[in-house]
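>>> how would this look folded up:
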Amino acid sequence: MKIGLQAWGSEGDVRPVVALAVGLRRAGHEVRLDLTPVDGTDYAKVCAAAGVALRLIPEKLEVALHTYADSARRLDPLKVSRDLVARAFNPYLDAFYEAALQLCEWSDVVVWHYSCWYTLAAALKTGRPHAAVHLFPGLAPTRYAPPPGMPDLGRLNRMLWSLARPALDLQFRKRPAQFFAARGLPPIRHVLPDLMFSTYMNLHAASPVLLPRPPDWDAHHHVPGQFTLPSDAEPWRPAAGLQAFLDDGPPPALLSLGSMEHLAPQRARDLLIGAARHAGVRAIVQTKRSGEEGRDGALYFLPWAPHEALLPRCSMAVHHGGAGTTHAVLRAGIPAVIVPFIFEQQAWGDRLRVAGAAPKLVGFWKATATGLGERIKEVAASEPLRLRARVLGAEISREEGVQRAMALLESLGL
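Numbering: from 1, shown residues only. Got it, this is the predicted structure:
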């Protein structure tokens, strides 16, 4: 089959789509991948090694997530997100759509990250079968759970979903609705389901352990498991200094706030360092923003490492609650402290807490080094959290999300 994929966003949005593309290519399919990484992450080497045809849309993005770091102290994350969309999405919409039309004309099946509604528009325009990849937990309505952030009212959950729909429409519907209407496409009545879901197939790239499939979901919603790159797709060995640090004592904690660090780099750095020192733990502090690497007593500063390779060498993790990091930590069989910046991360953190592998969340914007340090000490001393994380990690490690998703996509092309 010829399968085209499109994604826009930070590493947490894009990496799962890259992993799916690599899996499809290794299975013998022809694959084309259009990406817009807003945080500057480079996927060229991984794609070239796998034989995935990669195209950046646009070839050079003039603005990136880190552009907003200096103003993050006075701008809330939602405002930053809206500004980023205004500068890194809206001005390129025609280019995105044109690329999507080309991709659809070439493809037998098209796969789109749920933020890429321009790909949905192109698929509808060309009549191409399509599948959406979802990374936000519990976005599809169900009577078994309320919309994220709302109380569980049991039988009344459907009513809560009906209340959430107009709120989403008010915030996200206007521009896409105008775009679809101008191109003679079916009207966008509601963001859910018209804009975010495919009528063919929706792949919720999450572990059923954290996102059990509700029995009342439509048949085109699937939870195949998380999409991860195979270990040999991204070869990595610890630098000599890091290896010496790992060998020099018990497994350290990993402290990493992912791409969210760009929103407030100095505060993120001070918070993580202060918390680790207050807790008195050995720790690897991931500092994408500064790019430094080296040891400072019980701390080791590291700009980047694939979490799938590093986390099994760690005792616990402190992270922002992104979908990919949440799954990687649990797959490693270690507990976590979640420090969310935004609502989506809080939702994943809540699921990890309910599963028994994390304590109560610590919001980034209100966190202090002392408070976070106390939470680290709590997790480090908790045998129940460690045991539960180990059990869940063994269960998730048996899942094959990319393989299950490929089988589903192949069924669309028959």
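>>> Please give the centre-to-centre distance between stretch 115-133 and its chain.
20 Å (CA atoms, centre = their mean, to the nearest Å).
>>> residue ranges with poor pLDDT in this structure?
64-78, 414 (pLDDT under 70).
>>> And the strands in it?
2-9, 30-37, 53-56, 109-113, 130-134, 201-204, 221-222, 253-256, 283-286, 294-296, 299-302, 316-319, 336-338 (DSSP state E).
>>> Break this protein down into its structural domains.
Domain segmentation of the chain under automatic domain parsing yields 2-140+197-226+400-412, 231-397.
>>> now those in a markdown table, with distance to Pro166?
In short, each C-beta sits where N, CA and C put it, glycine included. Shown next, in a markdown table, are these (distance: least, CB to CB, whole Å):
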| stretch | distance to Pro166 |
| --- | --- |
| domain 2-140+197-226+400-412 | 16 |
| domain 231-397 | 18 |
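>>> and of the strands of the chain, who's closest to Arg237?
Closest to Arg237 of those, according to CB to CB: strand 299-302, at 13.1 Å.
>>> Neighbouring strands of the closest one in the sheet, and parallel or not?
Neighbouring strands of strand 299-302 in its sheet, by DSSP bridges, are strand 283-286 (parallel), strand 294-296 (antiparallel).
>>> For that strand, list the C-alpha coordinates in PDB.
Extracted C-alpha coordinates of strand 299-302, given in PDB (Å, rounded to 0.1, in the frame of the first residue of the first chain):
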ATOM      1  CA  LEU A 299      23.200  15.700  39.500                       C
ATOM      2  CA  TYR A 300      24.000  15.000  35.900                       C
ATOM      3  CA  PHE A 301      22.800  17.400  33.200                       C
ATOM      4  CA  LEU A 302      21.800  15.900  29.900                       C
END
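>>> From the rest of the structure, what touches that strand?
241-242, 245, 252, 273, 276-277, 282-287, 290, 292-295 (CB atoms under 8 Å, 6 or more residues apart in numbering).
>>> hang on, the earlier thing: of the domains of the chain, which is nearest Gly149?
Of these, the one closest to Gly149 (CB to CB) turns out to be domain 231-397, at 6.3 Å.
>>> Any idea how far apart the tips of that closest one sit?
End-to-end distance of domain 231-397 (CA to CA, to the nearest Å): 13 Å.
>>> from the contacts of strand 299-302, which would you call buried?
Buried members of the contacts of strand 299-302, scored by 16 or more other CB atoms under 10 Å, are Leu242, Phe245, Pro252, Ile273, Ala276, Arg277, Arg282, Ala283, Ile284, Val285, Gln286, Thr287.
>>> Which one of those is nearest to Pro265?
For those, the nearest to Pro265 is Thr287 (8.3 Å; CB to CB).
>>> Do I have it right that that closest one meets His262?
No - if you go by CB atoms under 8 Å, Thr287 and His262 don't touch, sitting 11.4 Å apart.
>>> Could you count how many residues lie near Leu185?
The tally of other residues near Leu185 (other CB atoms under 10 Å) stands at 16.
>>> List the contacts of it.
Ala121, Leu124, Lys125 are the contacts of Leu185 under CB under 8 Å, 6+ apart.
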